[in-house]
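>>> quick one: sequence and predicted model below, then my questions.
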Amino acid sequence: MNSKYEDSLKKMERWLAVKGLSREIYEELDDCRKALERSSEDEKALDEVYERFYKELEFGTGGLRGILGAGTNRMNIYTVGRATQGLANYVNRHFEGKAGGQPAVAVSYDSRNKSELFAMETAKILAANGIRVYLYGELMPTPALSFAVRYYGCSGGVMVTASHNPAKYNGYKVYNEEGCQINLEQADELLGEIEKLDLFDDVKQADEEAVKRIESISQETVDAYMAAVRRESTGAPGCGELEVVYTPLNGTGNKPVRRILEEIGVGRVHVVPEQELPDGNFPTCPYPNPEKREALARGLELCKKLGTADLLLATDPDCDRVGVAVKQKGDYQLLTGNEVGILLLDFLCQVRAGKTECRPARTMPQRPLAIRTIVSSRMSEAVAEHYGVEMTGVLTGFKFIGEQVGILERQGQEERFIFGFEESYGYLSGPYVRDKDAVNASMLICEMAAYYKTKGLTLADRMEELYARFGYYRNDLLDFMFEGAAGMEKMAEIMERFRKDPPRRVIGRTVVSRTDYRHDETRLPKSDVLEYILEDGSSFMVRPSGTEPKLKIYLSARADSREASEGIIQGLREELPRYVE
């Protein structure tokens with residue numbers, strides 16, 4: 001037998017020997033053992049054990065994310081329990097006794113398989129460590145968790161979700177006391193706490209007294225969150241004339257998104273029936289990512305069946321991202337995350353500057369600030385400059401936008417923040433939470449569509465106007481899947497190859513600038529990202545995903561015509577894949 005399997009096999013036997021092991025986990029591993037008993041050299045069976053145990057499920061700034069199942073490299077009650085015990089140790093060390101109060105953590109979960117189980121396990125372990133827990137009594141969006149952390153003055157938060165990953169995944173996102181996903185330094189410290197622990201021997205279990213420290217989050221809190229979202233309304237006219245098809249993709253958005261659309265007076269909302277109710281198997285949408293056209297297929301079918309809907313909205317399972325399609329010349333045109341971000345930035349700037357008939361709750365502040373991630377369209381910089389808004393770029397991940405909003409808050413300047421977005425369909429227009437919010441974004445998108453409808457325009461029409469004014473910025477994304485241990489090694493090899501032998505000419509253009517965000521001196525934290533700028537100003541960025549087993553290449557071009565810009569993007573799409581072979 002290949003020696004690489006020995007350690008994984010020992011770990012599996014240790015799990016099988018644990019007294020009181022979950023029956024489901026035991027049976028899963030027992031099936032693996034039986035397969036090996038039939039043939040100890042069965043490579044497929046050996047690889048199965050290896051993938052489950054060759055490493056610990058990685059904990060990063062996004063927390064945990066992985067395939068559901070038995071093993072140290074899987075999402076299960078034991079890996080979740082170990083992470084939670086580490087979090088409890090971290091919280092107690094930093095917050096116990098401060099201001100005479102008891103440390104507290106808010107917990108929420110989405111519609112994925114095992115999410116409610118993992119949330120309850122998390123709550124019990126935190127309570128066993130003397131921490132007060134505020135637990136949502138039903139599935140809620142990720143931004144509602146961020147809100148609860150701030151609303152209750154908690155020391156942190158946990159959201160059980162794998163966002164838009166396929167059904168076989170789940171995850172565990174950790175938030176700090178500001179309601180923002182933990183930053184790089186906090187993640188490193190928390191990881192240190194987790195690594196000290198044995199996932200069976202060192203995790204505290206709750207007794208009846210501890211369970212009493214778990215408090216159900218009230219409807220009052222939900223109402224307060226919805227009121228905070230509503231305060232970001234632009235007061236746009238025409239919502240009563242808008243017709244919308246909406247799909248929550250079997251996730252958490254169903255209740256809050258429908259509620260906010262009703263509150264702003266959207267005339268007609270049709271919900272995709274097969275995707276209305278929570279279902280962690282996502283039976284009609286195996287990959288519930290609103291970035292992908294396949295995820296919007298049922299919604300588009302309903303739009304075409306109705307024939308009268310102005311707009312399609314699709315939120316992902318934890319309702320922090322939203323995809324959009326608009327009726328255009330008798331068909332439905334999908335807008336990219338960058339396009340929606342630019343449209344919202346432009347609209348909010350107009351509204352808050354008093355250039356529309358809208359009645360916003362907030363007007364343009366002094367020294368207004370917008371924030372984008374570095375992989376998002378630079379067209380946003382041109383739009384922001386046009387309105388006198390400062391635009392700043394941060395690393396990929398909305399936590400870095402939330403972090404900047406937190407810095408503004410500590411300086412007493414949170415009102416400066418007017419909008420943040422990332423190309424992966426995440427948006428936020430106010431400082432009431434520290435994460436992207438598809439409830440907020442759905443409201444704004446509908447108000448924006450209604451407003452332009454009163455002008456005889458669709459969102460696609462307005463986007464064309466912006467392209468004509470600022471130039472044809474085009475963006476695209478190449479992603480390459482690399483699953484398992486071999487896949488992680490392959491991605492590391494590709495990134496190293498890019499560093500040691502970087503492209504010098506691409507699509508016939510010289511690479512004039514290269515930035516390595518892991519090694520070069522930039523104002524941003526170190527990150528495994530490479531950026532290449534070509535002589536004509538077009539560019540591409542390469543990075544491994546932090547939440548999926550993927551390598552991503554972000555493409556960007558600007559030209560004076562749509563045809564020229566799309567030609568550059570097409571050239572990059574055709575040439576760059578050979579660098580990852």
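Arrived safely, thanks for sending.
>>> below-threshold pLDDT in this protein: ranges please.
Low-confidence segments of the chain (pLDDT under 70): 1, 97-100.
>>> so which helix or strand takes in residue 476?
For residue 476, the enclosing helix or strand under DSSP states H and E is strand 472-481.
>>> number of nearby residues for residue 507?
By other C-beta atoms under 10 Å, the residues close to residue 507 number 18. In this view, the C-beta of every residue, glycine as well, is placed from N, C-alpha and C.
>>> which residues are in contact with it?
Residue 507 is in contact with 534, 568, 571-572, 575, counting by C-beta atoms under 8 Å, 6 or more residues apart in numbering.
>>> out of those, which is most surrounded?
By neighbour count, taken as other C-beta under 10 Å, the most surrounded of these turns out to be residue 572 (25 neighbours).
>>> for the helix or strand encompassing that one, output the C-alpha coordinates as CSV.
Element membership for residue 572, per DSSP H and E: helix 562-575. C-alpha atoms of helix 562-575 as CSV (Å, rounded to 0.1, in the frame of the first residue of the first chain):
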residue,chain,number,x,y,z
ARG,A,562,-18.4,47.7,-27.8
GLU,A,563,-16.9,45.6,-30.6
ALA,A,564,-13.3,46.6,-29.8
SER,A,565,-13.8,46.0,-26.1
GLU,A,566,-15.4,42.6,-26.6
GLY,A,567,-12.7,41.7,-29.1
ILE,A,568,-10.1,42.2,-26.4
ILE,A,569,-12.0,40.1,-23.9
GLN,A,570,-12.5,37.3,-26.4
GLY,A,571,-8.8,37.3,-27.2
LEU,A,572,-8.0,37.0,-23.5
ARG,A,573,-10.6,34.2,-23.1
GLU,A,574,-9.0,32.2,-25.9
GLU,A,575,-5.3,32.7,-24.9
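>>> what comes into contact with that helix?
With contacts defined as C-beta under 8 Å, 6+ apart, helix 562-575 is touched by 467, 472-476, 478, 506-508, 536, 538, 540, 555, 557-559.
>>> would you mark the buried spots in stretch 395-404?
For stretch 395-404, burial by neighbour count (16 or more other C-beta atoms under 10 Å) applies to 395-404.
>>> out of the contacts of helix 562-575, which are buried?
In the contacts of helix 562-575, burial by neighbour count holds for 467, 472-476, 478, 506-507, 536, 538, 540, 555, 557-559, counting by 16+ other C-beta under 10 Å.
>>> any idea how far residue 166 is from residue 327?
Relative to residue 166, residue 327 is positioned 30 Å away (C-beta to C-beta, to the nearest Å).
>>> wait, I meant residue 279
14 Å.
>>> again with residue 430
Spatial separation of residue 430 from residue 166 under the definition C-beta to C-beta is 32 Å.
>>> for residue 116, same thing?
19 Å.
>>> what of residue 157?
With distances taken as C-beta to C-beta, residue 157 is found 25 Å from residue 166.
>>> residue 215: which element?
Counting by DSSP H and E, residue 215 is found in strand 214-217.
>>> for that strand, list every residue counted as buried.
Neighbour counts over strand 214-217 (16+ other C-beta under 10 Å) mark 214, 217 as buried.
>>> what strands line up against it, and which way round?
Taking DSSP bridges as the criterion, strand 214-217 pairs within the sheet with strand 132-136 (parallel).
>>> next SSE downstream of the partner strand?
Using DSSP H and E, the first helix or strand after strand 132-136 is helix 142-151.
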